[in-house]
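Enquirer: Build me a model:
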Amino acid sequence: MKPVEASVVIDRPLEACFAYLTDLTNDLEWRREWIDAEKTTHGPPGGGARYRLTGALLGRRIATEYETVAYEPNRLAAWKAVSGPLPLTFSRAF
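Expert: Residues are numbered from 1 along each chain as shown. Prediction:
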């Protein structure tokens, strides 16, 4: 599969952007495909943190659990699906 890349400039401090965008529960505010999101582990959003994001397709709810697999404060965060219909991985670089 070919990687997809997009970038955007946000007029906010780096630390604020990183904190917001590495908490996947905030994806509900800007990603239309998700209808529910929750953090399923305790503690900070760093390596090993898990999130369950649920989408809807053809009237069915489909949940995917993501695990944080890379986390460099104010630089990079990456996740991989550990359950769900597709073996997705994605990252956000700052």
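
Enquirer: what's the first-to-last distance across stretch 33-53?
Expert: End-to-end distance for stretch 33-53: 9 Å, by C-alpha to C-alpha, to the nearest Å.

Enquirer: hmm, who's touching it?
Expert: 22-28, 54-56, 61, 63-71, 77, 79, 82 (C-beta atoms under 8 Å, 6 or more residues apart in numbering). Using the backbone N, CA and C atoms, a C-beta is placed for each residue, glycine as well.

Enquirer: Which pLDDT value belongs to D11?
Expert: The model reports D11 with a pLDDT of 95.

Enquirer: now it: how far from N26?
Expert: Using C-beta to C-beta, to the nearest Å, D11 is found at 17 Å from N26.

Enquirer: isn't A78 right next to E72, touching?
Expert: No. If you go by C-beta atoms under 8 Å, A78 and E72 don't touch, sitting 9.4 Å apart.

Enquirer: Looking at these two, which one has more neighbours?
Expert: It is A78, of A78 and E72, that has more neighbours when counted by other C-beta atoms under 10 Å, with 18 against 13.

Enquirer: Against which helices or strands is the helix or strand containing the more buried one packed?
Expert: Counting by DSSP states H and E, the element that carries A78 is strand 76-83. When contacts are defined as 3 or more C-beta pairs under 8 Å, 6 or more residues apart in numbering; DSSP states H and E, strand 76-83 packs onto strand 60-72, strand 89-93.

Enquirer: tell me which residues in it are buried?
Expert: Neighbour-count burial for strand 76-83 flags A77, A78, W79, A81 (criterion: 16 or more other C-beta atoms under 10 Å).

Enquirer: Sweet, I'm off.
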